[in-house]
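Engineer: Next come a sequence and a model predicted from it.
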Amino acid sequence: MKVSVICTVLNEADSMESLLTSLLSQTKPADEIVIVDGGSQDGTADIVDCFMRASTPVHLSVAAVANIARGRNIAIELANHDIIASIVGGCTADRHWLQNLVEPFEGDGNIDVVGGFWLAETKSAFEECLAELIYPQIETLDEAEFLPSGRSIAFRRECWEAVGGYPEWLYTGEDSLFDLTLRDAGCKFVFAEDAVVYWRPRTTWRGLFQQYYLYAKGAAEANIVSRTIFKAYGANVLGHILHVVKSLILRKRIRCLCYAFLSLAVILAAKLAGLVAGKLQRSAEQPG
């Protein structure tokens, strides 16, 4: 079964080499790797070009000012194969990622979408706390409700075509709306917990605020707030938070506990601001 791996990037020079190296070291090699650069100014495209000149199956398209949804659609349009696997800039893939992500398709011709998983790659106590607090946990996931992220998902091209591709009018939250549209279209989802990519949490309070502001704004613009904000990743958000706080208290990790409460305050403020901005944007775009 031939597979096209797609990836959108923007100013990922610091992580581009590790991402491509991980994709080229897979136990199931990708038949092609299609990178769409949204107009990087830091030499990202030059790094990709070096891999292309080394006779790898890497291909690059530069689409200046393209958002993530547009970049993914361009990549899929350029891809040659019927199974599309998606990852994003800033990630690295476990060497069994693609094999585990594609395996369900080979065993069942009725499967349309395979959702992979992601784990934190942390470098500080702050990042460790964020990872524990905001990353999905296998043991609390409801697989029936889990919405795969664009950083670890595979799907059949025909499904992408059937729903009109990723929603290019959304700046963020495009993968959640895409997933929900696929579900509403009757596509069959399965979860592959061993199809893992590694992704680094935000490193600053400002970055954390911006992340959740954009998530909430996108959800409000797409009118999918209740399906993504309050039950993120198919898990009960409040239950997960209480579990993490209780665990930190029992382990006497006071520093992380302080980070957790501050992070929750920042996330709450960001979500409220994002929801207001998204609803205003949605109202402004509605006719009459």
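Structural biologist: Yep, it's here.

Engineer: So which residues of the stretch 101-250 of the chain form strands?
Structural biologist: For the stretch 101-250 of the chain, strands defined by DSSP state E, counting those that start in this stretch occupy the ranges 113-120, 153-156, 189-199.

Engineer: Now mean neighbour count too, for those, in JSON lines please.
Structural biologist: For the C-beta atoms, the positions are set from N, CA and C on the backbone; glycine is no exception. Shown next, in JSON lines, are the strands of the stretch 101-250 of the chain (neighbours: other CB atoms under 10 Å):
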{"stretch": "strand 113-120", "mean neighbour count": "22"}
{"stretch": "strand 153-156", "mean neighbour count": "24"}
{"stretch": "strand 189-199", "mean neighbour count": "19"}
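
Engineer: Could you check these and tell me which one is nearest residue 78?
Structural biologist: Closest approach to residue 78 among these (CB to CB): strand 153-156, 16.2 Å.

Engineer: so what strands line up beside that closest one?
Structural biologist: strand 83-88 (antiparallel), strand 113-120 (antiparallel) (DSSP bridges).

Engineer: per-stretch mean pLDDT over these, give me the minimum one.
Structural biologist: Ranked by mean pLDDT, the strands paired with strand 153-156 bottom out at strand 113-120, which scores a mean of 94.

Engineer: Give me the angle between that strand and strand 189-199.
Structural biologist: 30 degrees (axes from the mean of the first three to the mean of the last three CA atoms, to 10 degrees).

Engineer: Which helix or strand contains residue 70?
Structural biologist: helix 68-78 (DSSP states H and E).

Engineer: Touching that helix from outside, list them.
Structural biologist: Here helix 68-78 makes contact (CB atoms under 8 Å, 6 or more residues apart in numbering) with 4, 6-8, 34-36, 38, 59, 61, 63, 66, 84, 86, 88, 150, 157, 160, 165-172, 174, 178.

Engineer: Any chance of a PyMOL selection covering the buried ones in the residues you listed?
Structural biologist: Remark: buried members of those, expressed as a PyMOL selection using 16 or more other CB atoms under 10 Å:
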select buried, resi 4+6+7+8+34+35+36+38+59+61+63+66+84+86+88+150+157+160+165+166+167+168+170+172+174+178
